[in-house]
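J.: I need the structure of the sequence given here:
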Amino acid sequence: MTSIAQLVAEGTITDPDSAKGKLLQCAARLFSDKGFDRTTVRDIAREVGILSGSIFHHFPNKEAILCGVMREAVLVSTAKMRAALAQAETPQQQLLALITCELEAIHGLSAEGFALLVSEWRRLSPENQADVLALRDIYEQLWLDVLAAVREAGLIDMDCFLVRRFLVGALSNTYNWFHLDGDMTLQQLAQQALRLLIHRV
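T.: All right, here's what the predicted structure looks like:
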């Protein structure tokens, strides 16, 4: 099981405490709050507390920053999902773990900018999309493997790919209406999502 610290040590993801890591975190927040088009390199530099030109030591342009944010979000989320799966004992628990992890990522609790994978996807060039998709495929395979185990256990009887597509839309859309400071906790929301799929929960 690979931890976030190991990913940083291997150079797979950026150290969040480094200058580049802080830049990515600030960019993720600004892209999420203002949108990619309305966020300038100057805005990011001001948020980080550096000169605009210093950003280009790390990234050639604003799109490359967005691609970096998305890559990191997928890598961190995948690592956290694997860690959660290692603690789950049954297919049902595994599915709940994945739902919870994805909701945490969407709402910025575990991976900065994860929701940008939906809202700003078209801002990436085909080349950058392919780069992120290669990582996303690994993430999605974890989902499909767990859904296959859930189906084999007789807990769902739908096609696993279709179930995942429905879940992507439903979970992603919670970004627009679910509030972390509301009456329902994120864990309760995850339980309700699980009940939509498995009625014997």
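J.: residue 114 contacts residue 75, correct?
T.: No. In this structure residue 114 lies outside contact range of residue 75 using Cβ atoms under 8 Å: 10.9 Å. C-betas here are computed from N, CA, C, even on glycine.
J.: comparing the two, which residue is more hemmed in?
T.: The neighbour count for residue 114 versus residue 75, taken as other Cβ atoms under 10 Å, is higher for residue 114 (26 against 20).
J.: with adjacent residues omitted, what lies nearest to the more buried one?
T.: Nearest residue to residue 114 in three dimensions, chain neighbours excluded: residue 105, at 3.9 Å (Cβ to Cβ, 6 or more residues apart in numbering).
J.: list the contacts of the one you found.
T.: Residue 105 sits next to 73, 76, 77, 80, 111, 114 when contact means Cβ atoms under 8 Å, 6 or more residues apart in numbering.
J.: now do the strand or helix carrying residue 75: which elements does it pack against?
T.: Taking DSSP states H and E as the definition, residue 75 sits inside helix 62-87. Packed against helix 62-87 by the contact rule (3 or more Cβ pairs under 8 Å, 6 or more residues apart in numbering; DSSP states H and E) you find helix 4-10, helix 19-34, helix 41-48, helix 91-106, helix 116-119, helix 126-152.
J.: the second one vs helix 41-48, what angle?
T.: Between the axes of helix 19-34 and helix 41-48, defined by axes from the mean of the first three to the mean of the last three Cα atoms, to 10 degrees, the angle is 110 degrees.
J.: distance from the chain centre to helix 19-34, please.
T.: 14 Å (Cα atoms, centre = their mean, to the nearest Å).
J.: OK, contacts around the most centrally placed residue in the chain?
T.: Per Cα atoms, centre = their mean, the C-alpha nearest to the average position across the chain is that of residue 114, at 3.6 Å. Going by Cβ under 8 Å, 6+ apart, residue 114 touches 73, 74, 77, 105, 106, 108.
J.: wait, isn't the last one in contact with residue 32?
T.: Read that as residue 108. Yes. Assessed by Cβ under 8 Å, residue 108 is found in contact with residue 32 at 7.3 Å.
J.: out of those two, which sits in the more crowded spot?
T.: residue 32 (20 against 17).
J.: tell me who's in contact with the more buried one.
T.: So residue 32 contacts 108, 113, 115, 116, 119 (Cβ under 8 Å, 6+ apart).
J.: closest to residue 125 among these?
T.: Lowest distance from residue 125 to the contacts of residue 32 (Cβ to Cβ) belongs to residue 116, with 15.2 Å.
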